[in-house]
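Asks: with the input below, show me the fold.
(one chain, ligands or ions: 1)
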Amino acid sequence: MPRGTTLLVNAWAIHRDPNTWDDPDSFKPERFEKEEEAQKLMAFGLGRRSCPGSGLAQRILGLALGSLIQCFEWERVGKEEVDMKEGTGNTVPKAIPLKAVCKARPFLHNIIS
Ligand code: HEM
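Replies: Here you go, the predicted structure:
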């Protein structure tokens, strides 16, 4: 390979390889409860140029999600099944956004008022 070549790893395809994943196109977050499955995930890249913020991100994500659930009541807009189809773009957005409304839980009024 010539010096200076830009090499892009297709993590999207690797994460959908049926030789590696069971039912790769289905949204099954519970699959990562198994340690050996979680180790196959490359959300933060690999090697010397992998994400230096992964430790921070993994701590903050749980806290942020926990705070959103603890502090607000959530309700979906619409009753149809959530469409998990992917849109286009580097961060793989949903094709059809998930819409929800939230209401501060009563205990939060005491804290912020
Ligand atoms: C869920 C959150 C995050 C995800 C999924 C993520 C994912 C990634 C990925 C896939 C890469 C490219 C790795 C590669 O080229 O192999 C990257 C690089 C990088 N990330 Fe993150 N990241 C996240 C959060 C953060 C945070 C919180 C920080 C800093 C506080 C951060 C800083 C960086 C930097 C500086 C690089 C470039 C590293 C380099 O090129 O040497 N990231 N990240």
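
Asks: what helix or strand is residue 84 located in?
Replies: Under the criterion DSSP states H and E, no helix or strand holds residue 84.

Asks: wait, it sits on residue 27?
Replies: Yes. Using Cβ atoms under 8 Å, residue 84 is in contact with residue 27, at 5.1 Å. In short, each C-beta sits where N, CA and C put it, glycine included.

Asks: of those two, who's got more company?
Replies: For residue 84 versus residue 27, the count of surrounding residues by other Cβ atoms under 10 Å is larger for residue 84: 12 against 9.

Asks: what's that one sitting at in phi/psi?
Replies: Main-chain dihedrals, residue 84, degrees, to the nearest 10: phi -90, psi 10.

Asks: give the contact list for it.
Replies: Contacts for residue 84 (Cβ atoms under 8 Å, 6 or more residues apart in numbering) come out as 27, 94.

Asks: please apply the same query to residue 41.
Replies: Here residue 41 is in contact with 15, 32 (criterion: Cβ under 8 Å, 6+ apart).
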